[in-house]
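> Here is the input, now give the coordinates:
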Amino acid sequence: MSPDRHARTMLPIPDRPATGLTTYDAKDPATAYPPIEPLLPPPGAPHVLVVLLDDVGFGASSAFGGPCRTPTAERLAAGGLRYNRFHTTALCAPTRQALLTGRNHHSVGMGSITETATSAPGNSSLRPNTKAPLPMTLKLNGYSTAQFGKCHEVPVWQTSPMGPFDAWPSGGGGFETFYGFIGGENNQWDPALYDGTTPVDPPATEEEGYHLTEDLADRAVSWMRQQKALMPDRPFFVYFAPGATHAPHHVPKEWIEKYAGAFDDGWDVQRERTFARQKELGVVPPDAELTARHDEIPAWDDMPEELKPVLARQMEVYAGFLEHTDHHVGRLIDALSDLEVLDDTIVYYIVGDNGASAEGTVNGAFNEMANFNGMAALETPEFMLSKMAEFGSPTSYNHYAVGWAWAMNTPLQWTKQVASHWGGTRNGTIVHWPSGIADRGGLRSQFTHVIDVAPTILEAAGIPEPASVNGVQQSPMEGTSMLYTFADRSAPERHDLQYFEMFANRGIYHRGWSAVTKHRTPWVMVGGDLPAFDDDVWELYDGDSDFSQARDLARQHPDKLRDLQRLWLIEATKYNVLPMDDRTSERLEPEMAGRPTLIRGRSQLFFPGMGRLSENSVVSIKNKSFSVTADVDVPGDQVEGVIIAQGGRFGGSTVYFTKGHARFAYNLLGIQLFTVEADRSVPAGRHQVRMEFAYDGGGLGKGGAVTLFYDGDEVGSGRVDATQPMVFSADETTDIGYESGTTVSPDYTSRASRFTGRLHWVQLDLGGDDHDHYIDPDERLRVAMSRQ
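Model (predicted):
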């Protein structure tokens, strides 16, 4: 094997000019040059597949004793290593940015999710250019790179079709191929997809059997096959990050029915069953204890009897969703085997980017957006029962109850978002690499963290951390390679200091001990009484004898607790954790959060064909008066289709025509639909159509009066009784002249939503100070353009 001749610490690797004789005539026999050789990683560099599931707790997968069957995870564990003390950050985007960079999440600006970014450096959602992502380093060292699935690392004001694309996977993220979605979650039946930076429609519909996870697996398998067929000597790095099992929990019904009746005994009994199974498997130590249920989490026996069938169904849906996801991960493993490269591939199967999610409220949710808007009370037990058969289907946007999240984190305390406790941050992880791991089926219990993955891959590939990338000097990675654990079960752990923080839930691990304090409860999204940071109560645990943080030793060892509290503050200062910010839903609104917005001012102009505009790419109409004005040419009195639509089936608003009549529809969380219709059809010719919404005021989420106009003349009026104060949707968009995805109104489908007349422009204005109801179209366009 020839030695590596490349200087790989400076990326791109500088080209070396050829030396030696330069002849005058290429036909001269003395003319000779070395062959052109493609840049490749060092000899022996492995292929890499990183699988990152979403919102899966430590006690969910059967590979770690859980009730959800995951045969692919079990198969990989039998041929590789299980890690039972691997940790994440307690939330999705922070974990993903930490994974891809090898740095702590606040170091790369991802103190929380992109949708709650602020201007503070640790929470800005902006990755410094001094911290290049792993895929970029691998690509510039000769790897083929591809990502399939969820990308939650793009600042929300950069998610429009115009970018900038520096933070997108195939823009500046280092991936040559990207197929997936941008944001925190997506409708599994009808997702908003991108191929690179180009919006694309799913290749089939829900009626035709489409499901996002299957589609992502199709794409990943096809890409790996093509890569090996065309570049057999070049290793690849594939990052497979399905939206599963993040809410909404969408899965074909046959997968749900596999678990019929399995959870009728409730979450308290399920935790006991899982814990016993974990002891049998040996994934928790023999002396581990099952932690107690906190008062904030209701006992199963205390839940209303009439609601229990719905609650059990929620967990059946989730279990089917996780098994379905694992099945499609298995298709990737089968493809590697068929290509005869599985033995030479490092597979990281990280079963969750945080603990199981408790964002579904104590009763669960048919539409999780209700809780994000502080309106969970709209989903009454009677409503939930009426929707029981629809959970998991295309008509749902569902989530399970807090109690199930707690059970899926067995034997640990708390859930996703609670970075203080292992229930929020400890995720079962499997590493499979037959060529590099001899201890097949082994267990590793060294403390490890998601920031350790990148340095592990670089060490395995023989690639140094770059000192410079694209001319920018790089800061060192903050993780520790896990490679030392592959060969030695009892090797002393090297990652022995790690801080944690999320929405002021915080803690620190140091040489076996952890000091932690829970500050806020994740399912209380709006309001709630929060203590001052200095009044938070800290707990102390000895991890060498207490795997699950079951025995608080704060009173017995006050000096140790004080030392660790001080150490947390030092680490928090070092890594941009301060200032802490315990706001959650309030930060969804850019004005409240203090982050940039793509559009400034009180007016926004749109043109026909514009679409797939994320909620952060459009002037916010929430909690205020607004108007929509459109300049249209109508061919006849039966014009149809959408003028403008924002959101979709589970929340949003739209101005559209049906049978020649203008309509405004406001969809409140898919629970209530308010529709106002013009009393006459619009005549043929060029007209100005206008909708005015006069907000009632007096707080958030109030209603308002709706008035429709043709050419300044009132043609209809009505009311919207309540509105969504924080967010319409995590995945639906704004479209002009048509509607993509699911539709706000059932009066039309997305395929039949295109406006049948000619649409010149649409303008959205905030406030109720314009009472002309009509302005000359050419003058309105000139004024609108001047406001941009």
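
> Low-confidence bits of the stretch 651-788 of the chain, can you list those?
Residue ranges of the stretch 651-788 of the chain with pLDDT under 70: 768-772, 774-788.

> Spell out the residue ranges of the helices in it.
For the stretch 651-788 of the chain, the helices defined by DSSP state H, counting those that start in this stretch cover 777-787.

> all strands in it, in order from the N-terminus.
For the stretch 651-788 of the chain, strands defined by DSSP state E, counting those that start in this stretch occupy the ranges 651-658, 661-668, 672-677, 685-695, 704-710, 713-720, 734-736, 758-766.

> Nearest to residue 196, out of those?
strand 734-736 (20.3 Å; Cβ to Cβ). For every residue, glycine as well, the C-beta is placed using N, CA and C.

> hmm, who's touching the closest one?
606-615, 617-618, 642-647, 759, 762 (Cβ atoms under 8 Å, 6 or more residues apart in numbering).

> Narrow those to just the buried residues.
When the contacts of strand 734-736 are checked for burial by 16 or more other Cβ atoms under 10 Å, the buried set is 606, 608, 610-615, 617-618, 642-647, 759, 762.

> which non-adjacent residue is nearest residue 571?
residue 499 (4.0 Å; Cβ to Cβ, 6 or more residues apart in numbering).

> Next up, the contacts around the one you found.
104, 506-508, 568, 571-572, 575, 577 are the contacts of residue 499 under Cβ under 8 Å, 6+ apart.

> circling back to that earlier point, in helices, which of the buried ones among the contacts of strand 734-736 appear?
Nothing among the buried ones among the contacts of strand 734-736 maps onto helices, per DSSP state H.

> how about the helices in the stretch 501-650 of the chain?
For the stretch 501-650 of the chain, the helices defined by DSSP H, counting those that start in this stretch cover 558-574, 590-593.

> where among those helices is the average confidence lowest?
Mean pLDDT is lowest for helix 590-593 among these, at a mean of 82.

> residues making contact with it?
Under the criterion Cβ under 8 Å, 6+ apart, residues 116-118, 156-157, 583, 586-587, 596-597, 616, 620 lie in contact with helix 590-593.

> Mind checking which of the residues you listed are in strands?
Residues of the contacts of helix 590-593 located in strands (DSSP state E): none.

> Run through who's touching stretch 179-187.
For stretch 179-187, the surrounding residues in contact (Cβ under 8 Å, 6+ apart) are 92-93, 113-115, 147-152, 154, 159, 168-169, 191-196, 212, 216, 219, 241, 243, 246-248, 250, 394, 397, 614, 730-732, 741-742.

> Which members of the residues you listed are classed as buried?
92-93, 113-115, 147-152, 154, 159, 168-169, 191-194, 196, 212, 216, 219, 241, 243, 246-248, 250, 394, 397, 614, 730-732, 741-742.

> Make a markdown table from the helices of the stretch 501-650 of the chain and add distance to residue 426 and mean neighbour count to it.
Below are these laid out as a markdown table (distance: least, Cβ to Cβ, whole Å; neighbours: other Cβ atoms under 10 Å):
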| stretch | distance to residue 426 | mean neighbour count |
| --- | --- | --- |
| helix 558-574 | 18 | 15 |
| helix 590-593 | 29 | 16 |
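
> picking that back up, take the contacts of stretch 179-187 and keep only those in strands.
147-151, 193-195, 241.

> Format the helices of the stretch 501-650 of the chain as JSON lines; extra columns: distance to residue 447.
Formatted as JSON lines, the helices of the stretch 501-650 of the chain follow (distance: least, Cβ to Cβ, whole Å):
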{"stretch": "helix 558-574", "distance to residue 447": "15"}
{"stretch": "helix 590-593", "distance to residue 447": "33"}
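
> Out of those, flag the one nearest residue 456.
Among the helices of the stretch 501-650 of the chain, helix 558-574 comes nearest to residue 456, with 21.8 Å by Cβ to Cβ.
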